[in-house]
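Asks: have a look at this prediction, sequence included:
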Amino acid sequence: MNNQSYRFWVVAIIFIDKDTLGFIICHADLKMKNNLMRKIKSFDITTEQWMIMNRLFEEGGISQKELSERTLKDQGALTRTLDRMEKKGLVKRQVSPYDRRSFLIYLTDAGQAVRNRIVPIAVECIEEAVKGFTEEEVGTLTTLLKRVILNL
């Protein structure tokens, strides 16, 4: 078996075996997203839109490129999502005064209102995910996952 074939099988095993770190992280992410999605379905908001709303709440008036980097979304997918959010009246785009080819993205008042209504639901979802954990365990988990991210 050559080196490339070996790497393929190692990667395949990592994501197929349910006891591996890769599978567990993916599974936890999927379960958390699905739980939140079920609870915010009535708001006609996706988890991706929710993440965008939170980034814009933290800092409005950022470019689509910056928003793409902060939400870990590719720019094409982000543009399509922003188009849908703009049609719903949740965000607005304004031409940048520094670069007329660039748009700055803002959360609208309607977007802010929806975000404010969803915050307690999102907090509840996180609390459900860590039910039975001590504060120290949550802190340790967070620290360890951040280290995984930094390692990559």
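Replies: Here it is on my side, so go on. Predicted model, so just to flag it, every value in this text is computed and none were measured.

Asks: so how far is Glu127 from the residue positioned nearest the centre of the chain?
Replies: In the chain, the residue lying closest to the centroid (Cα atoms, centre = their mean) is Met51, at 4.8 Å. From Met51 across to Glu127, the span is 19 Å (Cβ to Cβ, to the nearest Å). For the C-beta atoms, the positions are set from N, CA and C on the backbone; glycine is no exception.

Asks: cool, and Glu59?
Replies: For Glu59 relative to Glu127 (Cβ to Cβ), the value is 26 Å.

Asks: which stretches in the protein count as helices?
Replies: Secondary structure of the chain (DSSP state H): helices located at 3-16, 21-40, 47-58, 64-71, 75-87, 109-129, 135-151.

Asks: you'd agree Trp50 is up against Leu36?
Replies: Yes. Trp50 lies in contact with Leu36 (Cβ atoms under 8 Å); the separation is 7.1 Å.

Asks: more crowded one of these two?
Replies: Leu36 (23 against 20; other Cβ atoms under 10 Å).

Asks: list the residues that contact that one.
Replies: 47, 50, 121-122, 125 (Cβ atoms under 8 Å, 6 or more residues apart in numbering).

Asks: same check on Gly60?
Replies: So Gly60 contacts 105-107 (Cβ under 8 Å, 6+ apart).

Asks: next, it: phi, psi?
Replies: When quoted as degrees, to the nearest 10, the phi and psi of Gly60 stand at phi -80, psi 160.
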